[in-house]
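> structure, please.
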Amino acid sequence: MTRSLELLRLADTVLFPGFVGTSPPDWLRRRLAAGLAGVVLFSRNVDTPTQLAELTAALRAENPDIIVGIDEEAGEVTRLEARTGSSRPGNYALGVVDDEALTEAVARDVGWDLAAAGVTIDFAPAADVNSNPDNPVIGLRSFGADPHLVARHTAAWVRGLQSAGVAACAKHFPGHGDTSVDSHYSVPVVGVTREELHEVELWPFRAAIAEGVRAIMTGHLLVSAYDTELPATLSPRILTGLLRDELGFEGLVITDGIEMAAVSGPYGIGGASALAIAAGADAICVGGEHADEAIVEVIRDAIVDAVLEGRLPEERLAEAAERVRVLAAWRPERAPSAAREPVGLAAARRAVRISHDDGRSLPIVVAPHVVELAPETNLAIDKGMPWGVGEPLGKLLPGTTVTRLHEQDLADGLPADVLAQAADRPLVVVVRDAHRHAWQLDALGHMLADRPDGIVVEMGLPGRTDLGAAHIATHGAARVCGQAAAETLTGQVAAFPA
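Take a look at the predicted model:
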């Protein structure tokens, strides 16, 4: 067997690379014209809706059947609104509201924006059950810790998104929620039994499959009940035995970013890609960190070599390429979008909860000082994306001042001027996942010891809800969650009790 043109084309068909820039580079245009079937967009490719539509049109001019994918979960993981902050809350907030019709409406709203921009598949929803509150990479991306709730809302998200004509992709199979390690850096281990996996992690994926989800994304997870050696992305027992044979999924299986250390570390990017296709994956997602033609060459050659050396049956590669073509040909009937009404802020307002209130601190009627404690976010969340309560609160109460502190800013303790700025004014302290960051709880403790009347706003997963004279949980850090918190603080919107 030789490196035939047909074999090279099959390998190109299963690659979904990323690229740099807001217009297609020459190498990408050339490869699309030669048979590359798909691309993955990141926030570096998105400037404005008009620009994005022009970009996808330019891609489609080279390959009319191109699959254009993006990670648009809404909430903290957004590519469309990375520069402004999301206008829609993420999954956890929707799970707190627990209105499936609302989740479906939010997903449809996302789908309309994506369809207008020329995107054909959205790598969402996250169907992970966040059963470990210390999870460093899922957290707010999950609908919650109850597998049945997550399953219901996963199905609603799939239904809403695909009604707008954009393929949904449930992730991270078979479930990244019960982990304490970020697979961007190393291999998370899911140590549950097969029975426990079926009773918790797999419920949302069953629901997505029953709803007709077009694609499922693999998780780089070592699921010891099925495979003690290979992560799910590389495991035939999981991708073929569990996903295809046991669960009956017939759609496209795409990998999470193949350059992530959990799989590329031991096997290399090319080696991991070939193993993934052999295991049952149909498409390789790459380009979050390696976004050039050279990496496409490495992966294509590794897949071809695996076929030539007998490690990857050509029939398996052809099957994968055919599933890519089937998705590319999918042309669903779309729900009309002419009478759109914004749903994001309304959803964020419904997710706000007041855990306790001393009866004297709310509403705020004079300009406060806001201290925002900013943790390092995981790689799925764009650095520098706007978040917080200070900016929207300043629009409602002019004169509001804001101090944002990172862990390194507190290495020598709380700066003396932080509380001085709040003298004779209300103090609002904003945290994100304070239960996971000792430095946040320490700083919060020092501030509340001096100012027991301080108000706490938690924009991550609520842990300690007994802190402060009043405690407000937004269940998300999207821009609209900050707006909803500001409205709650000033009494413009009445929040639900926790």
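> for stretch 387-401, buried residues please.
Residues of stretch 387-401 classed as buried by neighbour count (16 or more other C-beta atoms under 10 Å): Trp387, Gly388, Val389, Gly390, Glu391, Pro392, Leu393, Gly394, Leu396, Leu397, Thr400. No exception for glycine: its C-beta is placed from N, CA and C like everyone else's.
> for that stretch, the distance to its chain's centre please.
27 Å (C-alpha atoms, centre = their mean, to the nearest Å).
> with stretch 294-309 instead?
Relative to the chain's own centre, stretch 294-309 is displaced by 29 Å; criterion: C-alpha atoms, centre = their mean.
> quick one: low-confidence parts of the stretch 51-200 of the chain?
179-186 (pLDDT under 70).
> run the last query once more with 80
133-137, 176-188 (pLDDT under 80).
> can you map out the strands along it?
Applying DSSP state E, counting those that start in this stretch to the stretch 51-200 of the chain gives strands spanning 67-70, 121-122, 167-173, 189-190.
> quick one: Arg323 is in a helix?
Yes: counting by DSSP: H, G, I helix; E, B strand; the rest coil, Arg323 falls inside a helix.
> is it true that it touches Ile254?
No: Arg323 sits out of contact with Ile254 when judged by C-beta atoms under 8 Å, with a separation of 9.6 Å.
> who touches both of those two?
Residues touching both Arg323 and Ile254 (C-beta atoms under 8 Å, 6 or more residues apart in numbering): Asp282, Ala283.
> pull the contacting residues for the spatially most central residue of the chain.
Closest to where the C-alpha atoms of the chain average out (C-alpha atoms, centre = their mean) is Val77, at 4.3 Å. Contacts for Val77 (C-beta under 8 Å, 6+ apart) come out as Asp71, Gly90, Ala126, Arg141, Ala380, Ile381.
> what distance do you get for it to Thr401?
30 Å (C-beta to C-beta, to the nearest Å).
> from the buried residues of stretch 387-401, which land in helices?
Secondary structure defined by DSSP state H assigns Gly390, Glu391, Pro392, Leu393, Gly394, Leu396 of the buried residues of stretch 387-401 to helices.
> not counting its neighbours along the chain, what's nearest Asp113?
Leu80 (6.1 Å; C-beta to C-beta, 6 or more residues apart in numbering).
> can you give me the strands in the stretch 351-498 of the chain?
353-357, 369-373, 401-405, 427-431, 455-458, 470-473, 496-497.
> now the angle from the fourth one to strand 369-373?
Translated: strand 427-431. 20 degrees (axes from the mean of the first three to the mean of the last three C-alpha atoms, to 10 degrees).
> per-domain residue ranges of the protein.
Following automatic domain parsing, one finds the domains of the chain at 5-329, 352-497.
> do you know which of those domains lies nearest Ala346?
Relative to Ala346, the nearest member of the domains of the chain by C-beta to C-beta is domain 5-329, separated by 8.2 Å.
> what's the end-to-end length of the closest one?
The straight-line separation of the ends of domain 5-329 (C-alpha to C-alpha, to the nearest Å) is 23 Å.
> for stretch 60-69, same thing?
Stretch 60-69 has an end-to-end distance of 13 Å (C-alpha to C-alpha).
> who's in contact with that stretch?
Residues contacting stretch 60-69 (C-beta under 8 Å, 6+ apart): 16, 24, 28-29, 32-33, 35-41, 56, 59, 118-123, 169, 254, 285, 324-325, 327-329.
> can you do 6 Å?
Residues outside stretch 60-69 that contact it (C-beta atoms under 6 Å, 6 or more residues apart in numbering) are Arg29, Leu32, Ala33, Gly38, Val39, Val40, Thr56, Leu59, Val119, Thr120, Ile121, Ala328.
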